[in-house]
Structures are given as C-alpha cells and as structure tokens.
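Colleague: Dropping the sequence and predicted coords here.
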Amino acid sequence: MRRFRFCAVIILLAVTAIIVGFANPAVANSPTPVDVSVLFFNDIHGHLSPFKIRTDSGKKEVGGVARLATLIQRIREENRVKNIRTFVLIAGDILQGTPMSTVFRGQPDVECFNAMGVDAMTVGNHEFDFGLQNFLDLMQQARFPFLSSNIVQKDTKKLLCAPYVSFKVTDQISVSIIGATTKLLLTTTKAENVRTLDILDAVQTVPKVFEQVKDRGPVILLSHSKHHTDRAIAAAVPELAAVVGGHDQILLSPYRVVGGVPIFQAFEKGRYLGRLDLQIDPISKKARLVSYSYLPVTAEIKADPRIDGIIAGYRAKLDARFEEVIGDSKVFLDAERERIRYEETNLGNFVADLVREYSGARIALINGGSLRASIDAGPITLEDVYKTMPYANEIVIIELTGAQLRQALTRSVMAAREDEDGGFLQVSGIRFEVRGKAVAAVAVGEDKEPLNPGQIYRVAIPDFLASGGDGYNIFVGKPAQFTGLPLRELIADTIRSKKVIDSRVDGRIVRADH
C-alpha cells in the first residue's frame with residue numbers, strides 16, 4: 001500500500017511538471033545566457049612600434065600593436081572554442097605622435113587596425129590633425145566604422161559619421177556601440193582643419209541615440225571625452241552596459257561606477273589592452289559585468305608577424321634620416337604630461353627660448369600640449385624631435401597690450417594639474433606668479449620690469465595659438481607676422497648648431513600656493 005502511494009505521488013509530480021512546462025516553455029527549456037568579450041584600447045597616438053619608458057630600475061620596452069594583435073588573437077581563439085563573441089574597440093586618437101604617423105598621416109595605423117579586425121572606433125580630436133580630407137580618406141580606408149554621435153557639419157547640421165553600430169550576437173539580441181567625441185575638438189585642433197564642423201553636447205546626443213537602439217540589447221558608449229563627461233553621460237543614461245573611454249590617457253583601475261554604469265579607460269599608446277566580459281540575459285536583453293582586466297603589453301609577448309610586416313614596410317620607407325643623431329642632451333628634457341601642462345619644465349624653457357631668440361620678439365609663449373614627448377639624456381635623433389613636436393607649428397609674431405598678455409596668462413593657469421590642460425603656457429622673456437587660478441606679479445625681460453597694461457609687446461607664438469587654439473580667442477584677429485619657419489625645424493636646427501643641450505628650470509613660473 002505504501003509503495004502504491006509513493007508511486008502515485010511520483011506520477012502526480014511528473015504530470016504536474018509536464019503541464020507546467022507546456023504552460024510556461026521558459027521553465028521547461030530556459031534560454032541560455034549569452035556571453036561576450038569586449039577588448040579595447042585608446043589614445044594610440046601613432047605608437048605602432050614598441051617604445052621605451054623610464055622606470056625606477058631603468059628603461060623598459062612596452063607597447064607595440066603587433067603584440068597587441070597577438071593578445072587579441074589569443075583571446076579570440078579562446079572565446080571561439082567557448083562560442084563567445086569578441087569585439088575590439090578603439091576609443092579614439094589613433095593619430096599624431098611619431099614620425100610614421102606624421103609622415104604617412106595615419107595610413108599605416110588604419111592598415112594595422114584593419115588587419116587586426118577592429119570592430120569600431122570612436123572619433124578623437126587628433127583624427128583631424130592632418131585636415132578634414134585626410135580624415136575622410138582614413139574613414140574610407142578603414143574596414144570598421146568611425147563613430148561619433150555629436151560631430152556635425154556646420155552648413156547641413158548632418159552628422160559627419162555614423163552615431164552607432166549594432167552587432168548581432170543571436171537572432172534576437174544585438175550589442176550596440178555609440179560613439180561620442182570631446183567638445184574640445186574645436187579648440188585642440190587647428191582651426192582651419194575643423195572650420196566646417198561643429199560639436200554638439202554628447203550628454204544630450206547620446207541619450208537620444210540610446211533610445212533608438214536600447215531594445216536591441218546591451219549598449220556600450222565608446223567615448224573620446226574627458227572622464228567628467230563620461231560620468232555625466234552615465235548619470236543621464238543609467239541603462240548603459242558600460243562606458244569605454246579615452247582622451248584623459250589614464251588607467252581606470254579599479255573602474256569607476258556612476259548610476260550603476262561601469263566606466264573604463266586603458267591608459268595610452270597601446271600599453272594596455274582592456275577587457276570586459278559581459279553576460280547578457282536573453283529575456284531582458286540586459287548585460288551584467290562578469291569580469292574585467294587590463295593586460296599589459298610587454299616585451300615578453302611575441303609580435304604578430306602580419307602586423308609586424310605592415311609596420312616594417314612603412315618603416316623602410318621612412319629612410320635613415322630619422323635615425324640621424326643631431327646633438328646631445330646633458331639632462332632629461334621633460335615633457336611629461338603631468339608637468340609640462342601645469343608647471344615650468346626645462347624642455348618648455350628650451351623651446352620657448354629658441355622661439356624668442358629666433359623671432360626677435362620680446363616674449364614667447366608655447367602651449368604645453370604641443371610638446372608631446374620627453375627627450376632622454378644622451379644622443380638626440382631627428383626621430384626624437386618628431387616625437388616631441390609632431391606638429392609643424394609655424395612661428396607667428398603678434399602684438400599684445402600688457403592687459404591682453406595678462407589675460408592670456410590667466411587662461412594658461414585656469415586648470416588643475418589632473419586636468420593636464422594642453423593650453424598651459426611655457427614662456428620666455430617673462431616671469432609670473434600664480435595664486436590659485438589667478439596671475440599675480442608679472443615681470444618682463446632680464447630687468448624684471450613690471451608688466452605695463454597699456455604697453456604694446458611683440459609676442460612670438462605657434463600658429464595654432466594664433467588661430468585661437470586651446471581657447472586663446474584673445475589672439476584671434478590680431479595683425480600677425482608669419483615667419484614661414486616651422487617650429488619643429490627650428491628645434492632640430494638649434495640642436496644641430498648647439499650640439500649640446502643643457503636646459504634648466506629657472507623660476508619663470510612660480511605657484512605661490514605650492
């Protein structure tokens with residue numbers, strides 16, 4: 001009798017399960033979560049080849065997109081076996097910073113990224129450094145989309161690029177990538193290169209694009225904006241799966257979270273490959289972050305031979321002129337971002353001095369953002385100069401009143417150290433004191449005479465500043481004498497003639513609150 005009752009219960013449970021299964025198929029056959037991996041890097045700045053950095057124990061070789069490609073391919077293969085889709089994203093600024101990028105205007109960069117199988121890139125401000133037409137040519141060359149939801153053409157108000165791209169991962173689910181570009185595009189790029197463009201507020205444009213794609217599945221923001229902008233967008237669109245950022249050139253480890261949205265950034269120059277592993281719920285189509293990492297790109301990683309071959313082909317075309325030793329430095333010439341964009345440095349002094357001496361102007365002003373790399377003590381090659389000054393930057397002489405000069409200096413010191421403001425000025429022929437965000441005592445010349453608000457001063461600046469770059473509208477429209485000499489050539493010629501460089505910091509810019 002007991003055995004009969006036990007069997008009856010089992011049969012009843014089985015029948016109930018069958019009935020429930022027919023009534024609710026999700027219970028009978030629950031859909032499997034979908035896993036995807038997102039690999040990313042940002043601010044490569046033409047650094048296709050490995051390069052050396054200074055460490056406490058000496059110099060160490062890092063980076064190189066051929067090594068980056070090896071890491072990407074390794075992860076792709078591991079994921080393929082597990083049936084996991086892998087995406088490769090670039091968060092902007094592929095151009096400007098090496099002779100290869102400067103001479104070939106980004107062609108080798110895009111060719112490498114094509115071969116690596118990049119899926120999408122957001123547009124950075126440096127993508128326009130060689131002009132709008134060159135940007136359009138690169139976009140045509142790329143086998144992956146250039147994205148930006150907020151760069152528009154002035155006359156038509158139409159977007160210059162696609163605002164997003166969607167990738168199907170199942171029949172019902174897509175992963176969408178929205179692009180966004182920094183508002184600083186128009187002030188950090190030479191004016192003539194972007195004169196037909198306008199930039200909208202990404203905090204306004206991204207939510208609108210998100211509404212178009214949110215029902216397809218997870219949405220990732222691929223942003224080349226300041227980190228505070230990424231945070232503002234995350235707060236405005238808390239349903240984003242993640243923000244992959246650029247422009248600040250920082251390593252966000254641990255990642256930041258705003259409104260539940262994780263925000264990432266993988267430093268600069270291909271020194272790290274960022275990785276996000278997401279799991280997508282097939283019912284809600286929402287993703288959760290499973291894991292993340294930043295993989296260092298080091299000399300121990302074997303270079304991908306195909307990518308290595310592309311780079312070697314372009315390097316052979318550069319010829320030996322960039323390997324020419326043109327002089328020697330007794331000291332480390334400092335252009336590290338955290339210093340040259342906030343305080344006086346010896347490289348800033350060296351460049352500003354030679355501009356003033358060459359031009360015959362009383363004062364010289366150089367934006368710190370134009371000096372892109374330090375130069376080690378020892379032999380200096382022409383390649384070192386091109387890395388330091390990738391922009392040609394013609395020297396221009398303008399006339400300013402003392403009051404206007406003070407206004408320019410005030411603009412120079414408006415940012416905090418962590419902002420790494422490229423508009424901070426390295427100076428020659430002038431000394432001044434900074435108190436907070438205000439300019440205090442200002443002295444001109446070797447005699448240190450006080451700055452006279454009504455007096456006219458001849459001032460030498462790069463043509464980028466003369467066009468209002470970095471927000472220096474005070475220089476726009478001033479009668480200008482164009483010297484015809486690119487600053488980069490002047491630096492190289494000066495090193496050749498002097499043979500030995502021994503520049504020092506001498507108290508031209510003093511921050512009284514430090």
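Modeller: Received the coordinates, thanks. If you're wondering where the values come from, they're calculated on a predicted model, not measured in any experiment. Numbers count the residues shown, from 1 in each chain.
Colleague: Show the end-to-end separation of stretch 327-334, please.
Modeller: Start and end residues of stretch 327-334 are separated by 17 Å (C-alpha to C-alpha, to the nearest Å).
Colleague: So which residues lie in contact with it, not counting its own?
Modeller: Around stretch 327-334, the neighbours that count as contacts under C-beta atoms under 8 Å, 6 or more residues apart in numbering are 340, 345-348, 350, 374-380, 388, 495-496, 498-504. C-beta coordinates here come from the backbone N, C-alpha and C atoms, glycine included.
Colleague: hmm, 6 Å instead?
Modeller: Stretch 327-334 is contacted from outside by 345-347, 374-375, 377, 379-380, 495, 499-502, using C-beta atoms under 6 Å, 6 or more residues apart in numbering.
Colleague: Weed out the non-buried ones from those residues.
Modeller: Neighbour-count burial (16 or more other C-beta atoms under 10 Å) applied to the contacts of stretch 327-334 gives Thr345, Asn346, Leu347, Ser374, Ile375, Ile380, Ile495, Ile501.
Colleague: In strands, which of these appear?
Modeller: Ile380, Ile501 (DSSP state E).
Colleague: Could you dump the contacts of stretch 327-334 into JSON lines and include distance to Ala241?
Modeller: Below are those laid out as JSON lines (distance: C-beta to C-beta, whole Å):
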{"residue": "Thr345", "distance to Ala241": "41"}
{"residue": "Asn346", "distance to Ala241": "45"}
{"residue": "Leu347", "distance to Ala241": "42"}
{"residue": "Ser374", "distance to Ala241": "38"}
{"residue": "Ile375", "distance to Ala241": "42"}
{"residue": "Ala377", "distance to Ala241": "47"}
{"residue": "Pro379", "distance to Ala241": "49"}
{"residue": "Ile380", "distance to Ala241": "47"}
{"residue": "Ile495", "distance to Ala241": "50"}
{"residue": "Lys499", "distance to Ala241": "57"}
{"residue": "Val500", "distance to Ala241": "55"}
{"residue": "Ile501", "distance to Ala241": "50"}
{"residue": "Asp502", "distance to Ala241": "53"}
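Colleague: Can you tell me which of the residues you listed comes closest to Val169?
Modeller: Set against Val169, the nearest of the contacts of stretch 327-334 by C-beta to C-beta is Ser374 (43.7 Å).
Colleague: right, and the pair among the contacts of stretch 327-334 with maximum separation?
Modeller: Within the contacts of stretch 327-334, Thr345 and Lys499 form the most distant pair, 21.8 Å apart (C-beta to C-beta).
Colleague: that older thread, which single one of the contacts of stretch 327-334 is nearest to Pro145?
Modeller: Checking these one by one against Pro145 (C-beta to C-beta), the nearest turns out to be Ser374, at 35.0 Å.
Colleague: Ala335 is in contact with the closest one, correct?
Modeller: Yes. Using C-beta atoms under 6 Å, Ser374 makes contact with Ala335 at a distance of 4.5 Å.
Colleague: Between its first and last residues, what's the separation in stretch 166-177?
Modeller: Terminal-residue distance, stretch 166-177 (C-alpha to C-alpha): 6 Å.
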